[in-house]
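K.L.:
Model the following, please.
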Amino acid sequence: MGQSDESPTTESNDAETAEETARFTATKRTFLRGSGVALGAGVLPAGASTALGTTGGESNSVARGGGGMVSSVHRQATEAGVEVLENGGNAVDAAVAVQFALNVVQPHSSGIGGGGFMLVYSAEEDEIIAIDNRERAPLGAQPDMFLNEQGEEVPFLERHTNGKAVGVPGTLKAADVAVKRFGTKELGELIEPAVELAAPDGETVTVDEFLASSIAANVEEGAFTSTAKKVFAPGGDPLEAGDELAQPDLADTLRTIRDEGIGAFYKGEIAEDIAETVQGAARYRKTGGNMTVDDLGRYNVEITRPVHVTYEGDAHDITVRTMRSPTSGGYVIGQILKLLEPFDLAQYDRRSFDVYHRMIEAFQLAFADRNEYLGDEEFVDIPWQGFLDEEYLDDRRQIIDPKEATAATREPGDPFAYQPGGQYFVSPRDVEEAQHVANASGNKGKKTGTEEPSGQTTHFTTADADGNLVSWTSTIEQLFGSGIMVPGRGFMLNNELTDFDSEPGGPNEVQPEKRPLSSTSPTIVTRDGDPFLTVGSPGGWSIIHTVSQILLNVAEFGMDIDEAVAEPRVYSATGTWVQAEGGVPDGVVDELNAAGHDVSVVESIGNVQSIRIEDDGGYVGVADKRRNGSAKSP
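P.N.:
All right, here's what the predicted structure looks like:
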């Protein structure tokens, strides 16, 4: 499969000071009950149903074919990938082309200023390989950098829109490494469709409803720098659905990378502009960051093996492979599935109280452990084996009352007691404090209650005629990330470092070169040893819930993949509160409330892109109708 070797003038912002520095006094927005945006859903396309229990609708939401498949959240990005497949590229080539195109058509959700996680199935090697391109904290980062002089947490809007929030980006490095390791095309060729989309004289990019609503929200909150406002709110008025989006600076940047390679971004002129923008954020934010060109030059992706867990369902026995630390997705999805496996959920109606209640309680058990113990495994000893130990899972499962909610599901267990060899490594920064945190049941330094941010990402997936697969989730964190666009370069910078805990002391505290904890969960599923399914979603914490429910729908309830994606979802992580999509029956919502769950009905949760491999080797691609995505075969 492809090649074998891996390789690894700024305009002034002074005018922004008076306009913007006074705006950043708001606290972080609460994780609102009833907010689709908070769960990675955003605004549904006009005419879309909120009762998501049926299939139908846009013809490009489900596609079938044998010569390959691309599914993404945007038609033009999908078509960029399909064009690569039609011109002889493989699944990795197509995925890289999709990623660059998404930077242009979805600049609010992903791009070269961010990072993510990528799984590749190589048919030639019959292996699934993980490419971790999560952003890292710069060398100058400190555990208390999100606290003010009084030791109090800086309000979220101010925190996520200053230079300290920006992590060293990894998306571009992942694209380069993936193509050199697995691809058949040159990186420059795969960038070209994105250049044509970004250039004023290229193919037109029309603002859709989700992008328009994202622009309007950032303008209203004052989150954009003036450079970004010139692109997305020219003349001060936010672009609206139906308007054309031209990004000439981004086109020039992509041409530079096309012609000069990624060195310009990580060590050359673009790196200098990134570092200057991050450090100079004080000119238009209250606080500048300390990222340097050296931080960018030091960055590299990690190539690892994914976490895997088996699930014996009523319809299918599957093996689920997804990312390991620093994302919590693999461990938490694995724990949720294993907690639910013995309940034989298929004996109940899929939309019954018995199913939803047990899922909700399993979600809470898993998230109590997640928030207590998980962080970047390069810095923190995480009890991943204890998480999935059968005896531990059985003990945790006994906490679930089949009839009512219980506060006990919201308390962490002690997976270290089931970890082979016990706890063997703690962060060298503060051994005593780390040991205390790992064994305490308090919440110091952790996000609690409904304070999880509404992180935004995009997921896409590709397949080719030879059976190669890619499942890639890419992000800049919030909608438009930090709100900071690199002047003259046209791309947004992430705010991923706000995924660290603001208060020091926990396993997810800020440290130099550390990767913040994520929930991102690009997944490849096998059945009887053969690839069976790819799946992933945006949505912050709800990514885990979304992917878990898709897997249960297929393996336990025997749904086709389009049915599994359309099925109504629920979400709960901490506290008694639960969110349920409108397709959950009203009577069941009443039962859940009577059992002690505090249920709010929301528009939508997550936005899945998936490919299923049929028994004859053909593909079914699905783009979730919760946004106006597109699946297409060559």
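K.L.:
Please settle this for me: is L239 part of a strand?
P.N.:
No - using DSSP: H, G, I helix; E, B strand; the rest coil, the secondary structure at L239 is coil, not a strand.
K.L.:
For the nearest residue to it once chain neighbours are set aside, list the residues it contacts.
P.N.:
Distance criterion Cβ to Cβ, 6 or more residues apart in numbering; nearest residue to L239, sequence neighbours excluded, is V207 at 4.9 Å. From N, CA and C alone the C-beta is placed, and that goes for glycine too. Each residue near V207 by Cβ atoms under 8 Å, 6 or more residues apart in numbering is listed here: I215, L239, E240, A241, G242, D243, E244, L245.
K.L.:
Name the member of those with the most neighbours.
P.N.:
I215 (27 neighbours; other Cβ atoms under 10 Å).
K.L.:
okay, that residue: pLDDT?
P.N.:
We note a pLDDT of 94 for I215 in this prediction.
K.L.:
Same question for I128.
P.N.:
For I128, the predicted pLDDT is 97.
K.L.:
pull the CA atoms of the one helix or strand it maps to into CSV?
P.N.:
Under the criterion DSSP states H and E, the helix or strand holding I128 is strand 127-133. Coordinates of the C-alpha atoms in strand 127-133 are reproduced here as CSV (Å, rounded to 0.1, in the frame of the first residue of the first chain):
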residue,chain,number,x,y,z
GLU,A,127,-3.4,-4.4,10.2
ILE,A,128,-5.1,-1.4,11.8
ILE,A,129,-2.6,1.5,12.6
ALA,A,130,-3.4,4.6,14.6
ILE,A,131,-1.8,8.0,13.7
ASP,A,132,-2.1,10.3,16.7
ASN,A,133,-1.9,13.9,15.6
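K.L.:
List the buried residues for it?
P.N.:
I128, I129, A130, I131, D132, N133 (16 or more other Cβ atoms under 10 Å).
K.L.:
other SSEs contacting it?
P.N.:
Contact partners of strand 127-133 among helices and strands, from 3 or more Cβ pairs under 8 Å, 6 or more residues apart in numbering; DSSP states H and E: strand 115-122, helix 171-182, strand 302-304.
K.L.:
Specify the angle between the next helix or strand after the second one and helix 171-182 in degrees.
P.N.:
Sequence order places helix 187-198 as the next helix or strand after helix 171-182, per DSSP H and E. Compare the direction of helix 187-198 with that of helix 171-182 by axes from the mean of the first three to the mean of the last three Cα atoms, to 10 degrees and you get 140 degrees.
K.L.:
Which neighbouring elements make contact with helix 187-198?
P.N.:
In terms of contacts (3+ Cβ pairs under 8 Å, 6+ apart), helix 187-198 is packed against helix 75-86, helix 91-105, helix 171-182, helix 248-260.
K.L.:
which of the ones you listed sits most buried?
P.N.:
Of the helices and strands packed on helix 187-198, the one with the most neighbours on average (mean count of other Cβ atoms under 10 Å) is helix 91-105, at a mean of 31.
K.L.:
Tell me the helix or strand right after the strand holding I128.
P.N.:
Downstream of strand 127-133, the first helix or strand assigned by DSSP H and E is helix 156-160.
K.L.:
For that next one, list the C-alpha coordinates in PDB.
P.N.:
Coordinates of the C-alpha atoms in helix 156-160 are reproduced here as PDB (Å, rounded to 0.1, in the frame of the first residue of the first chain):
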ATOM      1  CA  PHE A 156     -13.900  30.300  29.500                       C
ATOM      2  CA  LEU A 157     -14.600  32.800  26.700                       C
ATOM      3  CA  GLU A 158     -11.400  34.700  27.700                       C
ATOM      4  CA  ARG A 159      -9.500  31.500  28.200                       C
ATOM      5  CA  HIS A 160     -10.300  29.900  24.800                       C
END
